[in-house]
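[1] Any chance you can model this:
(chains A and B)
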Amino acid sequence: MGQRKTTSSRAHPRTPDTCSARTGALKADGDGPVAVKHSICMVSDFFYPNMGGVESHIYQLSQCLLEKGHKVVIATHAYGDRRGIRYLTNGLKVYYLPLQVMYNQSTATTCFHSLPLLRCVFVRECVTVVHAHSSFSALAHDALFHAKTMGLNTVFTDHSLFGFADVSSVLTNKLLTVTLCDTSHVVCVSYTSKENTVLRAALPPDRVSVIPNAVDPAQFTPADPGRRDDARITVVVVSRLVYRKGIDLLGGIIPVLCAKHPDLCFLIGGEGPKRIVLEEVREKYQLHDRVRLLGALDHKDVRDVLVQGHIFLNTSLTEAFCMAIVEGASCGLQVVSTRVGGIPEVLPDELVTLCEPTVRSLCEGLETAIARQQEGSVPSPETIHKQVRALYTWRNVADRTEKVYDRVAGQEVLSLDRRVLRLRSHCGSVAGSVFAFFAVLDFLFLLLLGWLIPDDVIDVAVDASGPNSRWRRDVIKKKN
Amino acid sequence: MAVNQYTDVNGKPITFDSESHKDFCREFTISNAKLSLRTILIYTCIVWLLAYAVFFITENTVVLSSAIIVTLVSMVIGIHFVKVDRETLLIIRSLGVQVSSSFASGRECTTFIEMSKIKDIVINEAVYMHRVIYYLCILVKNPSDPEMISSVVPLFQSSKPRLNCLEQVYKACQEVLLQN
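    Below you'll find the model as predicted:
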């Protein structure tokens, strides 16, 4: 309430300005291409209060872009009571739109019903770039579709890897082909992920950039020296206990290593259908005192679990960009991981031991890590932390994303006829024709909305961030 | 006294009239367009054409008489409960805020909020009918805890003026509220 009040009390009359006048002024201020400030709308089904990697990615990236002087708003669907418009730190404005949630926090898609609300958001916030996140989010696909119809530049960030074989990935891949074939630019989190996306969506590789994720180094700090129990060697695993994360491999490693090393114990955080595998192993080999299963962890508790261990083990079978090993290394642990997906790109060789995704290879890898730990030839957690904290920072991510925006802002958006042609030539005759028809319908719907409520009847929102921000100006005034 | 032309969120013209009696008392009136004969005729025609169509098929005169009743009843309900001609906000520093709306039939509906209960008057944003609009509202204090807000009373609900008009009202209200 307090926040709402403060923004409202800043509303005071100004000369009637339209979006075009404002963006024109923005460009006039800048001496070169560097000074152009964008007005970005991040769209995804996944945002706080839901927790996860995509959510924190959007939040952290938005905060860093705000710091660089861009205007950022976020559009997501309503989460229970949390609907309407909210402000977060530094005037980050979030639209929780009342759209129906269908499955797994993803909204239902009919291609059209979200157009009136999204159009209203794009028009009143004078958005120039629409940035959608996650291929699982129906709202993100919808927003890209509508943004292209409205003639806005679009960027899409893909956060996951996909297969090509099963029915669900075939369908998702087709949808992705359709969405991405006329998107201005695509961002992936690793080179492996880029390769995957280029193949899945049949994209020209020069339209895809790689910008890795980052961690908040302040959140993942090593434990104070002496706090850790050094009498035993602890291996930590933090992941969802699902097939994809290679929990079956973990079930094979535990008995072998526990038999060899009496001072070894395992600490496993996370929940999932494969928990039964680990429980069976524990039961069969009577390892109750050496294998601890912690169950589901809150994001804030992850660090406290990590710092109890010496070695971080990741057994994933597929991974676009493994955040977990960066977090482990940031807490000063030795990292042992499988060599799959984008993992080899993530950490420098001296910080990670890579193995093939087999029980034997992983055991060998763990043995070397244990031997190093016993010799005491491991660098101290603080040294590792210092090395990792420089590797992945959100500021760096924001710098690189800004370059993508600069590039995209210069491109022209496809007109409807060229878009239809592109859809039909890139997405096959059936899907291409169907979605070309949808694109035309969307355009007609937009014309209808434009007739019912013309753009100039929609009030331009009072900026809470960006170059015309009321928020920051008031903060500066207070400081002086 | 100043009368100005503004539009509401749908682009229809409204008149905004602000009157200042001394510095501690302000009155704002927003008048909507009057109920036009044309809209009444259009609605009546639609109902009657439908009734005739049904009559043509069923050949039952009850349809026609019920159409007359429906038209008359909906017209009475419309002018008495739905169509708002004028909304007035009267703010007096020492007393409080009076909000009244007068309907097309002349019926008036008035509520009064004491100054001691009012925490603030602010402009807020809301999602409304597939769009996002600005509106002016009164924040009412929670009687048990004056720092908290127990309810929000939206103002100018039926005329829904645009931001430029709301800002005028907002500024004037703040001037009155901040006087001691």
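[2] contacts and neighbour counts: CA atoms only from here.
    Will do.
[3] quick one: strands adjacent to the one helix or strand B:Ser100 maps to?
    According to DSSP states H and E, B:Ser100 maps onto strand B:96-103. When pairing is defined by DSSP bridges, strand B:96-103 lines up against strand B:84-92 (antiparallel), strand B:108-114 (antiparallel).
[4] So what touches the following helix or strand past the last one?
    Beyond strand B:108-114 in the direction of the C-terminus, DSSP H and E gives the next helix or strand as strand B:118-128. For strand B:118-128, the external contacting residues (CA atoms under 8 Å, 6 or more residues apart in numbering or on different chains) are A:4-5, A:8-9, A:11, A:84-85, A:97, B:96, B:132-141, B:149, B:166-167, B:170, B:173-174.
[5] For stretch A:184-199, buried residues please.
    Within stretch A:184-199, the residues scored as buried using 16 or more other CA atoms under 10 Å in any protein chain shown are A:184-194, A:196-198.
[6] Return the subset of the residues you listed lying in strands.
    A:185-188 (DSSP state E).
[7] Save those residues as CSV, and put in distance to B:Glu27 and pLDDT too.
    Formatted as CSV, these follow (distance: CA to CA, whole Å; pLDDT from 0 to 100):
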residue, distance to B:Glu27, pLDDT
A:His185, 54, 94
A:Val186, 55, 94
A:Val187, 55, 94
A:Cys188, 58, 92
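[8] What residues of stretch A:415-422 count as buried?
    For stretch A:415-422, the neighbour count (16+ other CA under 10 Å) marks A:416, A:419-420, A:422 as buried.
[9] nearest to chain B, of those?
    Comparing the buried residues of stretch A:415-422 against chain B with CA to the nearest CA places A:Leu416 closest, at 24.9 Å.
[10] before we move on, the earlier item: deepest-packed of the strands paired with strand B:96-103, please.
    Between the strands paired with strand B:96-103, strand B:84-92 has the highest mean count of neighbours, a mean of 22, where neighbours are mean count of other CA atoms under 10 Å in any protein chain shown.
[11] Unless I misread the structure, A:Ser337 falls within a strand.
    Yes. Assessed by DSSP: H, G, I helix; E, B strand; the rest coil, A:Ser337 belongs to a strand.
[12] domain assignment for the chain?
    As the question left the chain open, I've gone with chain A. Taking the TED database as the reference, chain A has its domains at A:39-214+A:396-457, A:233-392.
[13] that answer is for a different chain, and I need it for chain B
    According to automatic domain parsing, chain B comprises the domains B:2-35+B:83-178, B:37-81.
[14] Mean pLDDT and distance to A:Phe443 added to those, as TSV?
    Below are the domains of chain B laid out as TSV (pLDDT from 0 to 100; distance: least, CA to CA, whole Å):
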stretch	mean pLDDT	distance to A:Phe443
domain B:2-35+B:83-178	90	18
domain B:37-81	90	30
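[15] Just name the most buried of those domains.
    Highest mean neighbour count among these (mean count of other CA under 10 Å): domain B:2-35+B:83-178, with a mean of 17.
[16] how close does the residue in the stretch 101-250 of chain A that chain B sits nearest to get to B:Ala126?
    Here the stretch 101-250 of chain A gets closest to chain B at one residue, A:Leu117, 5.3 Å apart by CA to the nearest CA. In this view, A:Leu117 and B:Ala126 are 12 Å apart by CA to CA, to the nearest Å.
[17] anything in contact with each of these two?
    Residues touching both A:Leu117 and B:Ala126 (CA under 8 Å, 6+ apart): B:Val132.
[18] Pull the contacting residues for A:Asn69.
    No, residue A:69 isn't Asn; it's Gly. A:37, A:465-467.
[19] Just the closest of those residues to chain B, please.
    A:Ser465 (16.2 Å).
[20] In what element of secondary structure is the most centrally placed residue in chain B found?
    Most central in chain B under CA atoms, centre = their mean is B:Ser158, positioned 2.8 Å from the mean C-alpha point. Per DSSP H and E: B:Ser158 is located in neither a helix nor a strand.
[21] For it, which non-adjacent residue is closest in space?
    B:Val84 (6.7 Å; CA to CA, 6 or more residues apart in numbering or on different chains).
[22] Who does the one you found form a beta bridge with?
    Here B:Val84, judged by DSSP bridges, has bridge partners B:Phe103.
[23] Now do it against B:Asp17, distance only.
    Per CA to CA, B:Val84 is found 16 Å from B:Asp17.
[24] same check, this time on A:Arg360
    Applying CA to CA to A:Arg360 and B:Asp17 gives a distance of 83 Å.
[25] Check A:Arg290 too.
    Remark: distance between A:Arg290 and B:Asp17 (CA to CA) = 79 Å.
[26] Count the residues that sit near A:Ala398.
    Neighbour count for A:Ala398, taken as other CA atoms under 10 Å in any protein chain shown: 21.
[27] what's in contact with the helix or strand encompassing it?
    Following DSSP H and E, one finds A:Ala398 within helix A:394-410. Helix A:394-410 has contacts (CA under 8 Å, 6+ apart) with A:33-34, A:36, A:38, A:60-61, A:64-65, A:128-129, A:153-155, A:184-185, A:209, A:211-216.
[28] So which of those are in strands?
    Among these, the members found in strands (DSSP E) are A:129, A:153-155, A:185, A:209.
[29] Which single one of those is nearest to B:Leu90?
    Distance ranking of the ones in strands among the contacts of helix A:394-410 against B:Leu90, using CA to CA, places A:Val129 first at 43.7 Å.
[30] wait, what's in contact with that closest one?
    Taking CA under 8 Å, 6+ apart, we find A:Val129 in contact with A:38-41, A:152-155, A:405, A:409.
[31] Mind doing that once more with 10 Å?
    A:Val129 makes contacts with A:38-42, A:72, A:122, A:147, A:152-155, A:184, A:405-406, A:408-409, as judged by CA atoms under 10 Å, 6 or more residues apart in numbering or on different chains.
[32] Minimum distance to chain B, which residue of the stretch 251-400 of chain A gives it?
    Residue nearest to chain B within the stretch 251-400 of chain A: A:Ala398 (29.0 Å; CA to the nearest CA).
[33] Strands along chain B, start to end?
    Ranges of strands in chain B, per DSSP E, are B:2-7, B:13-21, B:25-31, B:84-92, B:96-103, B:108-114, B:118-128, B:131-141, B:149-154.
[34] give the contact list for the residue lying closest to B:Asp8 once chain neighbours are set aside.
    Leaving aside its sequence neighbours, B:Asp8 sits nearest to B:Pro161 (CA to CA, 6+ apart; 4.1 Å). Counting by CA under 10 Å, 6+ apart, B:Pro161 touches B:6-16, B:30, B:32, B:133-136.
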